[in-house]
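Undergrad: I would like to see how this sequence folds:
(one chain, ligands or ions: 2)
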Amino acid sequence: MRLAGATRGEIIQSLRETGVPDRELNMRASQLWHWIYHRGAGDFGAMRNIARPVLDRLAERFTLARPEVVAEQLSADGTRKWLLRMAPAHRFDKGAEIECVYIPESDRGTLCVSSQVGCTLNCSFCHTGTMPLVRNLTAAEIVAQVLVARDRLGDFPGGVAPASGLVPKGEGVRAVSNIVFMGMGEPLYNFEAVRDAIAILTDGDGLSLSKRRITVSTSGVVPEMARLGAECGTMLAVSLHATNNALRDKLVPLNRKYPLETLLEACRNYPGASNARRITFEYVMLKGVNDSPAEARALVRLLKGLPAKINLIPFNPWPGSAFECSDWQTIERFSEIVFNAGYASPVRTPRGRDILAACGQLKSESEKLRARARMMLEESLAVGQD
Ligand code: SAH
Ligand code: SF4
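TA: Numbering: from 1, shown residues only. Ligands and ions are numbered 1, 2, ... in the order given. Now for the predicted structure:
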C-alpha cells in the first residue's frame, strides 16, 4: 500500500498493522506525517528519528512511491504538464492516467490538479468531457499530484529546482503556492476524496497550504456547494459561461438539472463568501455564442449583490472542437463592460497552449491512443462479421 497521500487515520492504521504498540501510535504517526508531507521523504531510510526495526517493517508492507511520471512537457511560457500513471488497483489494471499542470508566475506557482479520470459531464466546449474512461481519484491520488510537483520543482527542503523553465523562488516563496481544482473532472462529484485531500494539503504540520490559496471549481453541482464551504473552507469558482438557461443548457448540460436561479441561490448562501472572500465566476469566451455586449451587461445584472470576481477565459481550442475563441476586440469590449461595473482584471491569459495544457484541454494522450486502438479493433471485428 502507498503511504504518500495517506490520511492521518490511514497512517495510524498502517503503523498498527506493523505491530507498533498503541501507546506509541500517535507519536510515530506524527513523525511519519512530518517526513512524508513536510520533508517530502521518498523512502523510509531517510527517517532518522524512527527506530530501524520499525522502518524495516514499514518498508516491507508499504511504499512512499509516487505515481509514475509517464511524460513531462515544458511550454515556451514555462507552464509544465505531467502525465501521471496511478498505481494499478488490481492485477489486470494498467493504472489510470491523469494530467496535472503547473503554472509559474514571478511571485507564485499554481498547480492545477485533477479530481477524476475524465469527467461524466460533457460540457460541449471541454476536451476532458470527451474522455471515455471515468473513475474518481482517491484522496491519496489527488495529494500525490502535489507531491510529484514539489519533487520535480525542488520545492521540498533541500530540493533542487529544475535547470530550465521558470520556478518562482525567494525568501518564503514556494514553487507550489496555490492549488486549483481545475484539471480533469468535476471535484464536487468526488466530494469526500476532495475534502480529505484538502485536509491533508492544509495540515499545518505537513504541506501547510493556505485554504485561501486553494480554489475548487465546479460546473454547478448545487447540492454539494454548501458542504464544500462548510467542510473545506476553500475558495469557490463557478463555471458560469452563459447568462440564460437556454444557452447554458447547451454549454453546460448540468444546467438542466440545476438551472441558473438555483445555482445563484447556492452562491448567495455559500458559507464564508464575503467581499474579502469572493466567489470567482468563470466565463469562457466563445465566438458568436456568448460574447456580445448585451451578454456582458446581462452577466453584470445576474451577479448583482453577490461578492463576485469575474474571470474571462479565452476559449482554448482542441482538435475537433466545434467552437472558436472570440476575437481579441470582442473580448476587450466585453471585459470593458464588466470592468466598468466594478470588476477588476478579468481576462485570464491562456498558459501552456502549445502543450495543450490550458483550461479544458486536458485529455491524456495515451487515452486517445488507446481509444484509437479500440476503434481499430472494433472495425476489424466488424469487417470479420461481413
Ligand atoms: N469540472 C470543473 C473543473 C474543471 S474545468 C468545472 O467545470 O468547473 C476548469 C475550467 O475550465 C472550467 O471553468 C471550464 O468550464 C473551463 N474550460 C473547459 N474547457 C475549456 C476550454 N476548451 N477553453 C477554456 N476553458 C475551458
Ligand atoms: Fe467536466 Fe468541467 Fe469539462 Fe464540464 S468543463 S466536462 S464539468 S471538466
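Undergrad: if I pick Ala76, what's in contact with it?
TA: Ala76 sits next to Asp354 when contact means CB atoms under 8 Å, 6 or more residues apart in numbering. C-beta coordinates here come from the backbone N, C-alpha and C atoms, glycine included.
Undergrad: 10 Å - rerun?
TA: The contact partners of Ala76, taken as CB atoms under 10 Å, 6 or more residues apart in numbering, are Gly165, Gly352, Arg353, Asp354, Ile355.
Undergrad: Mark which of the residues you listed are buried, thanks.
TA: Neighbour counting by 16 or more other CB atoms under 10 Å classes Gly165, Gly352, Arg353, Ile355 among those as buried.
Undergrad: quick check: domain ranges of this protein?
TA: Per automatic domain parsing, the structural domains of the chain span 8-61, 68-369.
Undergrad: Out of the ones you listed, which one sits most buried?
TA: Neighbour counts (mean count of other CB atoms under 10 Å) averaged over each of the domains of the chain peak at domain 68-369, with a mean of 18.
Undergrad: is ligand 2 contacted by that one?
TA: Yes - contact of domain 68-369 with ligand 2 (CB under 6 Å from any ligand atom) involves Cys119, Leu121, Asn122, Cys123, Cys126, Thr128, Gly129, Gly185, Glu186, Ser219, Ser239, Gly360.
Undergrad: Rebuild these as CSV, extending it with secondary structure and pLDDT.
TA: Formatted as CSV, these follow (DSSP: H, G, I helix; E, B strand; the rest coil; pLDDT from 0 to 100):
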residue, secondary structure, pLDDT
Cys119, coil, 91
Leu121, coil, 92
Asn122, coil, 89
Cys123, coil, 94
Cys126, coil, 91
Thr128, helix, 85
Gly129, helix, 81
Gly185, coil, 94
Glu186, coil, 96
Ser219, coil, 97
Ser239, strand, 97
Gly360, coil, 61
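Undergrad: Please list which of those residues are also close to ligand 1.
TA: Applying CB under 6 Å from any ligand atom to these, those adjacent to ligand 1 are Cys123, Cys126, Glu186, Ser219, Ser239, Gly360.
Undergrad: got a list of what Leu260 touches?
TA: Applying CB under 10 Å, 6+ apart to Leu260 gives the contacts Gly220, Leu240, Ala242, Thr243, Asn244, Asn245, Arg248, Asp249, Leu302.
Undergrad: so what does the helix or strand containing Pro223 touch, helix or strand wise?
TA: Here Pro223, judged by DSSP states H and E, is contained in helix 222-227. Judged by 3 or more CB pairs under 10 Å, 6 or more residues apart in numbering; DSSP states H and E, helix 222-227 is in contact with helix 191-202, strand 214-218, helix 260-268.
Undergrad: check whether it contacts ligand 1.
TA: No - on the criterion CB under 6 Å from any ligand atom, helix 222-227 is out of touch with ligand 1, staying 11.9 Å away.
Undergrad: export that helix as CSV, just CAs?
TA: The C-alpha coordinates for helix 222-227 follow below in CSV (Å, rounded to 0.1, in the frame of the first residue of the first chain):
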residue,chain,number,x,y,z
VAL,A,222,-25.6,22.7,-6.3
PRO,A,223,-26.3,20.1,-3.6
GLU,A,224,-22.6,19.8,-2.7
MET,A,225,-21.7,23.5,-2.7
ALA,A,226,-22.8,24.3,0.9
ARG,A,227,-20.8,21.3,2.1
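Undergrad: what comes into contact with it?
TA: Looking at what lies outside helix 222-227 - CB under 10 Å, 6+ apart - the contacts are 186-192, 194-195, 216, 218, 231, 236, 238, 254, 257-259, 262-267, 269-271, 279.
Undergrad: And the helices in the protein, which stretches?
TA: Ranges of helices in the chain, per DSSP state H, are 8-17, 22-33, 52-61, 139-153, 191-202, 222-227, 245-251, 260-268, 293-302, 328-340, 365-385.
Undergrad: where does the protein have low pLDDT?
TA: The model of the chain has pLDDT under 70 over residues 345-346, 357-386.
Undergrad: got the residues of it near ligand 1?
TA: Within reach of ligand 1 by CB under 6 Å from any ligand atom, the chain has these residues: 123, 125-126, 182, 186, 217-219, 239, 282, 284, 313, 315-316, 359-361.
Undergrad: run the last query once more with 5 Å
TA: Within reach of ligand 1 by CB under 5 Å from any ligand atom, the chain has these residues: 126, 182, 186, 217, 219, 239, 282, 284, 313, 315-316, 359-360.
Undergrad: which two from the residues you listed end up farthest apart in space?
TA: With CB to CB as the measure, no two of the residues of the chain next to ligand 1 lie farther apart than Glu186 and Phe315, at 19.2 Å.
Undergrad: Okay, the nearest residue to Gly40 once chain neighbours are set aside and ligand 1: tell me how far apart.
TA: Leaving aside its sequence neighbours, Gly40 sits nearest to Phe156 (CB to CB, 6 or more residues apart in numbering; 3.0 Å). With distances taken as CB to the nearest ligand atom, to the nearest Å, Phe156 is found 27 Å from ligand 1.
Undergrad: do Ala139 as well
TA: Using CB to the nearest ligand atom, Ala139 is found at 17 Å from ligand 1.
Undergrad: just to revisit the earlier point, of all the contacts of Ala76, which two lie farthest apart?
TA: Gly165 and Arg353 (15.9 Å).
Undergrad: how about Ala296, what does it touch?
TA: Shown in contact with Ala296 (CB under 10 Å, 6+ apart): 243, 283, 290, 310, 312, 330, 333-341.
Undergrad: one more time with 6 Å, if that's ok
TA: Ala296 makes contact with Phe334, Ile337, Val338 under the criterion CB atoms under 6 Å, 6 or more residues apart in numbering.
Undergrad: Quick check: of those residues, which lies closest to Ala294?
TA: Closest to Ala294 out of the contacts of Ala296 is Ile337 (9.5 Å), distances taken as CB to CB.
Undergrad: Now do the contacts for the closest one.
TA: Applying CB under 6 Å, 6+ apart to Ile337 gives the contacts Pro293, Ala296.
Undergrad: swap in Pro157?
TA: Arg39.
Undergrad: Need the nearest residue in space to Pro307, chain neighbours excluded.
TA: Pro307 sits nearest to Arg278 (CB to CB, 6+ apart), 4.5 Å away.
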